[in-house]
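Visitor: Let's see this in three dimensions:
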Amino acid sequence: MMDKMVELINALNTLTKAVGAMTEKITTDYINTFEEIYNPEKDEPQDTNAKEKPTLEQQTVTFVELRSRLSEISRNGHTAEVKELLQKYGADKLSDVAESDYTALLAEAEVL
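Guide: Got it, this is the predicted structure:
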């Protein structure tokens with residue numbers, strides 16, 4: 001009976017060592033994978049100023065783009081607000097808005 005218990009204890013010790021080795025390998029592999037994906041030394045932030053998207057003020061807005069976006073905003077329940085914006089820019093209808101005001105008008109409409 002004692003021999004069977006010693007065999008069982010030895011088998012459990014061997015199993016425990018194998019599980020520990022497997023856990024260590026999996027953990028090490030996982031950590032190494034993370035370091036490959038995110039390497040702070042390699043993934044330094046690059047100069048984003050050169051690739052920075054132009055702001056709304058820097059973009060040229062066409063009449064068609066403005067009309068399309070204002071129509072969409074109006075359909076979403078903001079017809080009265082769109083009309084107020086047009087009047088703010090001295091126009092009763094979109095075609096009366098000065099081309100130089102398209103970008104500013106669109107910027108204000110986007111917050112509606």
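
Visitor: Show me where this structure dips below the pLDDT cut-off.
Guide: For the chain, applying pLDDT under 70 flags the ranges 32-59.

Visitor: what's the closest residue to Tyr102 other than its chain neighbours sitting at in phi/psi?
Guide: Sequence neighbours aside, Val61 is the residue nearest to Tyr102 in space, at 4.2 Å (criterion: CB to CB, 6 or more residues apart in numbering). From N, CA and C alone the C-beta is placed, and that goes for glycine too. Dihedral angles of Val61 (phi, psi; degrees, to the nearest 10) stand at phi -100, psi 130.

Visitor: Equivalent analysis for Val97, please.
Guide: The phi/psi pair for Val97 (degrees, to the nearest 10) is phi -70, psi 140.

Visitor: Determine the number of other residues adjacent to it.
Guide: When neighbours are counted by other CB atoms under 10 Å, Val97 registers 21.

Visitor: Does the nearest residue to it once chain neighbours are set aside fall in a helix, a strand, or a coil region?
Guide: Spatially, and ignoring its direct neighbours in sequence, Val97 is nearest to Ala91 (4.5 Å; CB to CB, 6+ apart). Following DSSP: H, G, I helix; E, B strand; the rest coil, Ala91 is assigned to coil.

Visitor: measure the residue nearest to Tyr102 to Lys88 for me?
Guide: As judged by CB to CB, to the nearest Å, Val61 and Lys88 stand 16 Å apart.

Visitor: Neighbour count: these two, which is higher?
Guide: Neighbours were counted for Val61 and for Lys88 using other CB under 10 Å; Val61 has more, 17 against 13.
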